[in-house]
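1. heads up, no residue letters with this:
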């Protein structure tokens with residue numbers, strides 16, 4: 001009889017077709033999630049006219065989904081450490097697809113807010129669980145790249161929302177943009193059938209037979225024999241608790257990640273909510289203004305994939321710091337409303353270094369915490385980030401209502417990127433010191 005550590009087997013084995021399927025399925029889930037998040041920005045100019053909203057009121061209308069995302073991340077993220085990743089993903093998916101579908105029937109702002117809040121609960125819960133699942137099935141040497149590839153689906157969803165809005169809203173109104181959620185809802189049975197449960201969770205639950213059935217699909221050098229027992233060293237540890245996020249010299253790194261999440265999501269939702277409206281007021285046609293949202297998300301996809309690849313080679317913290325510096329510069333320059341090619345280039349860079357960097361931050365959190373508290377760590381980081389996501393559209397509405405010069409507004413919008421760059425620099429220094437201290441601690445504890 002042997003004890004086989006699944007974490008070590010995954011790290012040393014080849015990346016199999018089965019593991020690719022986990023990345024693809026979670027990526028498709030995030031396409032739907034990204035569509036749900038960005039669809040509100042595409043309909044905002046229409047809702048302002050139809051319901052007679054002021055800009056601050058429109059910002060608050062957007063914020064209700066983000067309130068839901070905050071609570072969803074804080075509740076459904078840690079809950080998955082107790083009930084399993086697959087159940088967490090399924091509950092989250094059902095919540096936001098059903099609520100998004102019903103949003104198309106909202107008759108007034110109050111109904112719209114309530115339904116967007118419920119949709120936000122599901123969106124907030126899906127991300128940390130999908131990231132945790134892909135992180136577990138990816139070898140350590142490829143985790144940054146695989147999480148980034150999976151999360152690029154989020155940007156694809158935003159691009160689909162932007163392109164669909166160009167065709168649908170002028171001819172059919174804003175409601176069909178939400179009714180489109182009925183299509184992915186049909187995929188729920190496939191999720192329940194094909195998406196695997198976390199191996200670490202199954203092992204902790206003593207469900208060896210189910211864990212071995214999944215393990216057999218991996219391309220590892222350790223073939224199972226009749227009496228073999230699967231273990232997961234990474235899954236060992238205390239029960240999920242927010243207190244655990246600050247133990248083992250992780251206090252500074254946890255806090256700096258939270259600051260970065262707050263500022264990064266503030267920027268993502270500020271830009272995605274108000275960029276089309278700002279471009280329209282600056283004189284661009286509706287089609288061109290929607291294309292800026294497409295460019296923002298296309299940049300997010302490119303930034304995530306490139307950043308994940310670079311992070312696996314040079315370290316995620318270093319790449320994130322550079323990306324935030326680029327975000328600060330590109331956002332500040334958008335306010336000068338340059339020529340169209342330059343504008344779309346700046347928006348692309350801003351998307352790559354805000355939406356793309358958000359994805360790299362999720363990967364950083366997943367790598368910081370052990371499996372037993374990973375969903376808790378992802379949920380809390382995402383929950384804190386959602387506070388920034390709430391502030392972003394609201395702040396944008398207030399600043400734009402003051403009719404400040406666009407140059408001045410976008411200079412203010414660039415400040416969170418500068419704060420994030422400093423926070424991640426502190427994180428990188430702390431991470432380096434923690435890595436240097438680990439061998440020393442092991443040596444002093446040796447008999």
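-> Everything's here; your move. Remember, predicted model here, so these are calculated numbers, not experimental data.
2. tell me the mean pLDDT for stretch 329-336?
-> The average pLDDT within stretch 329-336 is 89.
3. which strands and helices lie in contact with the strand or helix carrying residue 193?
-> Element membership for residue 193, per DSSP states H and E: helix 188-194. Packing partners of helix 188-194 (3 or more C-beta pairs under 8 Å, 6 or more residues apart in numbering; DSSP states H and E): helix 17-51, helix 85-103. C-beta: built from backbone N, CA, C; applies to glycine.
4. average pLDDT across the shortest one?
-> Read it as helix 85-103. Helix 85-103 shows a mean pLDDT of 89 in the predicted model.
5. roughly how far is it from the heart of the chain?
-> In terms of C-alpha atoms, centre = their mean, to the nearest Å, the gap separating the centre of helix 85-103 from the centre of its chain is 16 Å.
6. ok, back up a step: what sits up against the helix holding residue 193?
-> Helix 188-194 is contacted from outside by 21, 25, 29, 89, 90, 93, 94, 97, using C-beta atoms under 8 Å, 6 or more residues apart in numbering.
7. for that helix, the distance to its chain's centre please.
-> Computed by C-alpha atoms, centre = their mean, the separation of helix 188-194 from the middle of its chain amounts to 22 Å.
8. in that helix, what's buried?
-> residue 191 (16 or more other C-beta atoms under 10 Å).
9. from the helices and strands packed on helix 188-194, which stretch is densest packed?
-> Neighbour counts (mean count of other C-beta atoms under 10 Å) averaged over each of these peak at helix 85-103, with a mean of 23.
10. and the helix or strand hosting residue 303 with helix 17-51, angle?
-> Applying DSSP H and E as the criterion places residue 303 in helix 286-314. Counting by axes from the mean of the first three to the mean of the last three C-alpha atoms, to 10 degrees, helix 286-314 points 150 degrees away from the direction of helix 17-51.
11. so where's the stretch 51-200 of the chain uncertain?
-> Scanning the stretch 51-200 of the chain with the threshold set as pLDDT under 70 gives 77.
12. which parts of it are strands?
-> Along the stretch 51-200 of the chain, no stretch is classed among the strands by DSSP state E, counting those that start in this stretch.
13. where do the helices of it begin and end?
-> 55-83, 85-103, 109-137, 143-172, 175-179, 182-185, 188-194, 199-204 (DSSP state H, counting those that start in this stretch).
14. spatially nearest residue to residue 196 (excluding sequence neighbours)?
-> Nearest residue to residue 196, sequence neighbours excluded (C-beta to C-beta, 6 or more residues apart in numbering): residue 214, at 5.2 Å.
15. which residues touch that neighbour?
-> Counting by C-beta under 8 Å, 6+ apart, residue 214 makes contact with 196, 197, 199, 202.
16. dump those into CSV; add neighbour count and distance to residue 243 as well.
-> As requested, these are exported to CSV (neighbours: other C-beta atoms under 10 Å; distance: C-beta to C-beta, whole Å):
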residue, neighbour count, distance to residue 243
196, 21, 30
197, 18, 26
199, 27, 26
202, 25, 25
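17. name the nearest of those relative to residue 434.
-> residue 199 (26.6 Å; C-beta to C-beta).
18. list the contacts of the closest residue to that closest one other than its chain neighbours.
-> Excluding the flanking residues, the one nearest residue 199 by C-beta to C-beta, 6+ apart is residue 6, at 5.0 Å. Contacts of residue 6 were listed using C-beta under 8 Å, 6+ apart, and they are 199, 200, 203, 211, 215, 230, 231, 232.
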